[in-house]
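Q: Any chance you could fold what I've pasted below:
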Amino acid sequence: MRHPRDIDLPLTVDRTSGVPLGEQLVRQVRDLVARGVLRPGDPLPSSRALAARLGTSRGTVTAAWDVLTGEGYLVADRGATRITPSLHLDPENAPAPAPLPARTTPRRSLPVP
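A: This next block holds a predicted model:
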């Protein structure tokens, strides 16, 4: 069995889209679950490994994982994060997406030296 940090999910981030990076990850994981790419019980990569691969902060990944945990998609068990083993994806029992917090401050561009 591979270690969860070695799992390579087809997750990407688009810094030009205007959608916060964490929200992009949440949407992509929901989609992977809905399409059956991720199934109940499947492990996810560690937040550190995924953040390093995507070039984001670990906080971005953990915030996305927290949203998905709150929606019932993920569980953390002994340091490993997995798709909820009892997750059922029929339309009547699928987790309802929780609203993501709105950005309170606009992004600022750094001056170019």
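
Q: give me phi/psi at S86?
A: The phi/psi pair for S86 (degrees, to the nearest 10) reads phi -100, psi 10.

Q: you'd agree it is up against P40?
A: Yes. Between S86 and P40 there is a contact under Cβ atoms under 8 Å: 6.6 Å. In short, each C-beta sits where N, CA and C put it, glycine included.

Q: Between these two, tell me which one has more neighbours.
A: P40 (15 against 10; other Cβ atoms under 10 Å).

Q: Need the three-state assignment for that one.
A: Using DSSP: H, G, I helix; E, B strand; the rest coil, the structure places P40 in coil.

Q: backbone phi and psi for it, please?
A: phi -50, psi 130.

Q: Contacts only, for the nearest residue to it once chain neighbours are set aside.
A: Distances taken as Cβ to Cβ, 6 or more residues apart in numbering put L87 closest to P40, at 4.5 Å, once the chain neighbours are dropped. Neighbour list for L87: 33, 40, 72-73, 95 [criterion: Cβ atoms under 8 Å, 6 or more residues apart in numbering].

Q: how close does P40 sit to L74?
A: Computed as Cβ to Cβ, to the nearest Å, the P40 to L74 distance reads 11 Å.

Q: Helices of this structure, residue ranges please.
A: Along the chain, counting by DSSP state H, helices occupy 21-34, 47-54, 58-70.

Q: Could you dump these into TSV and include distance to D8 and mean pLDDT?
A: Below are the helices of the chain laid out as TSV (distance: least, Cβ to Cβ, whole Å; pLDDT from 0 to 100):
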stretch	distance to D8	mean pLDDT
helix 21-34	12	96
helix 47-54	8	94
helix 58-70	14	96
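
Q: could these go into TSV alongside distance to R82 and mean neighbour count?
A: Shown next, in TSV, are these (distance: least, Cβ to Cβ, whole Å; neighbours: other Cβ atoms under 10 Å):
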stretch	distance to R82	mean neighbour count
helix 21-34	12	19
helix 47-54	13	17
helix 58-70	11	19
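
Q: As JSON lines, those with distance to G79 would be great.
A: What follows is the helices of the chain, written out as JSON lines (distance: least, Cβ to Cβ, whole Å):
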{"stretch": "helix 21-34", "distance to G79": "19"}
{"stretch": "helix 47-54", "distance to G79": "11"}
{"stretch": "helix 58-70", "distance to G79": "13"}
